[in-house]
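Chemist: Fold the stuff below for me.
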Amino acid sequence: MPRKAQTESVSDLNAAPGGAAAVDRALTLLSAFRAGDDALTLAQLAQRTQLYKSTVLRLLASLEHARFIRRQGDGRYALGAEIARLHGLYAASFSLDQVVPPVLRDLVGATGESAAYHVRQDHGERHVRLCLYRVDSPHMVRDHVRAGDLLPVDRGAGARILIAFGPRAEWPAGAGEQAFYEAIVKQGYCAAVGDRTAELGGISAPVFHADGRLAGAVTLTMPAHRYDDAFIAPVRAAAAKLDGTV
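Modeler: Have a look, this model is predicted:
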């Protein structure tokens, strides 16, 4: 009878509801590879997944057969050619147009306010904040920013997020400003009224690439009199939906 692990494996802790345990474990092995890893030993894979080495070996045999994993001459394991093939297919078919606007539309449907996706663009020694996507509120009274507009880089909830989660070396030097951005990072969002324009309120949350780098910011804007803290949760949920997909 198999021994029961004293510590739950990563796949057990993140099991797919109604899924297959063996598949969860195999995918956990692939996810064990991190930025900078060229290859991993059996011991490293077992440690990162909290699976028995015997279990890891069986899973590796299947993954190697399917070319998701390749065993090197030194006995370590690296990602295989099938990963590269699938990445090529994904990159060829991927478009932000298919990913971001639906999330923004859902956010507008949940809140009734305008939603946008902002990114930072570097231009030599300066950078700008670009409204890459925008879905308008159904209300007649709203701000009228459009996709493609350039916005202030140092004011507004979206700008604050791009600063707070961007290069820390570029934070304003003052102690008060440092503490302000520290608080944004700690809470994971920025909510402000009258920051960019006196009559507007905004709530913004960061979106990250799969490797943890900042990708952009999901931002909800509304007239100041319609601002509501209840909008914070749906904004953060919308940003979380885009994490790792952009």
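
Chemist: tell me the domain boundaries of the chain?
Modeler: Structural domains assigned to the chain are 10-91, 95-242, following automatic domain parsing.

Chemist: Can you pull the poorly scored residue ranges out of this structure?
Modeler: Within the chain, the segments meeting pLDDT under 70 span 1-7, 9-12, 14, 90-94, 122-126.

Chemist: What ranges does it have for its helices?
Modeler: For the chain, the helices defined by DSSP state H cover 10-13, 21-31, 42-49, 53-65, 81-93, 96-111, 157-164, 175-187, 232-242.

Chemist: and His127, which of those is closest to it?
Modeler: helix 157-164 (8.5 Å; CB to CB). Using the backbone N, CA and C atoms, a C-beta is placed for each residue, glycine as well.

Chemist: Check which residues of the closest one are buried.
Modeler: 157-164 (16 or more other CB atoms under 10 Å).

Chemist: Make JSON lines from those residues and add distance to Ser114 to it.
Modeler: Listed next are these as JSON lines, based on distance: CB to CB, whole Å:
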{"residue": "Ala157", "distance to Ser114": "12"}
{"residue": "Gly158", "distance to Ser114": "12"}
{"residue": "Ala159", "distance to Ser114": "16"}
{"residue": "Arg160", "distance to Ser114": "17"}
{"residue": "Ile161", "distance to Ser114": "16"}
{"residue": "Leu162", "distance to Ser114": "18"}
{"residue": "Ile163", "distance to Ser114": "21"}
{"residue": "Ala164", "distance to Ser114": "22"}
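
Chemist: List just the nearest of these to Ala20.
Modeler: Using CB to CB, the buried residues of helix 157-164 come closest to Ala20 at Ile161, 38.4 Å.

Chemist: Now for the closest one: which residues touch it?
Modeler: Residues counted as contacts of Ile161 (CB atoms under 8 Å, 6 or more residues apart in numbering) are 118, 184, 189-190, 204-206, 217, 219.

Chemist: Equivalent analysis for Ala78, please.
Modeler: The contact partners of Ala78, taken as CB under 8 Å, 6+ apart, are 38-40, 69-70, 72.

Chemist: How many neighbouring residues does the spatially closest residue to it that is not a sequence neighbour have?
Modeler: Leaving out its chain neighbours, the residue that sits closest to Ala78 by CB to CB, 6 or more residues apart in numbering is Ala39, at 4.1 Å. By other CB atoms under 10 Å, the residues close to Ala39 number 16.

Chemist: hang on, the earlier thing: now, the most widely separated pair of the contacts of Ala78?
Modeler: Of all the pairs that the contacts of Ala78 form, the one spanning the most space (CB to CB) is Asp38 and Ile69, at 13.2 Å.

Chemist: Between the two, which is the more surrounded one?
Modeler: Between Asp38 and Ile69, counted using other CB under 10 Å, the more crowded position is Ile69 (25 against 9).

Chemist: Can you give me every residue that contacts the residue nearest the centre of the chain?
Modeler: Geometric centre of the chain, nearest residue: Asp243, 2.1 Å, by CA atoms, centre = their mean. Applying CB under 8 Å, 6+ apart to Asp243 gives the contacts 207-208.

Chemist: Next up, phi/psi of it, please.
Modeler: When read as degrees, to the nearest 10, the backbone of Asp243 gives phi -60, psi 130.

Chemist: list the contacts for the closest residue to Glu177 other than its chain neighbours?
Modeler: Counting by CB to CB, 6+ apart, Glu177 lies nearest to Trp171, which is 6.7 Å off, once chain neighbours are set aside. Applying CB under 8 Å, 6+ apart, one finds that Trp171 lies in contact with 163-164, 177-178, 181.

Chemist: now Lys186
Modeler: Residues in contact with Lys186 (CB under 8 Å, 6+ apart): none are found.

Chemist: distance of it from Ala179?
Modeler: 10 Å (CB to CB, to the nearest Å).

Chemist: If anything else comes up later, I'll come back, but that's it for now.
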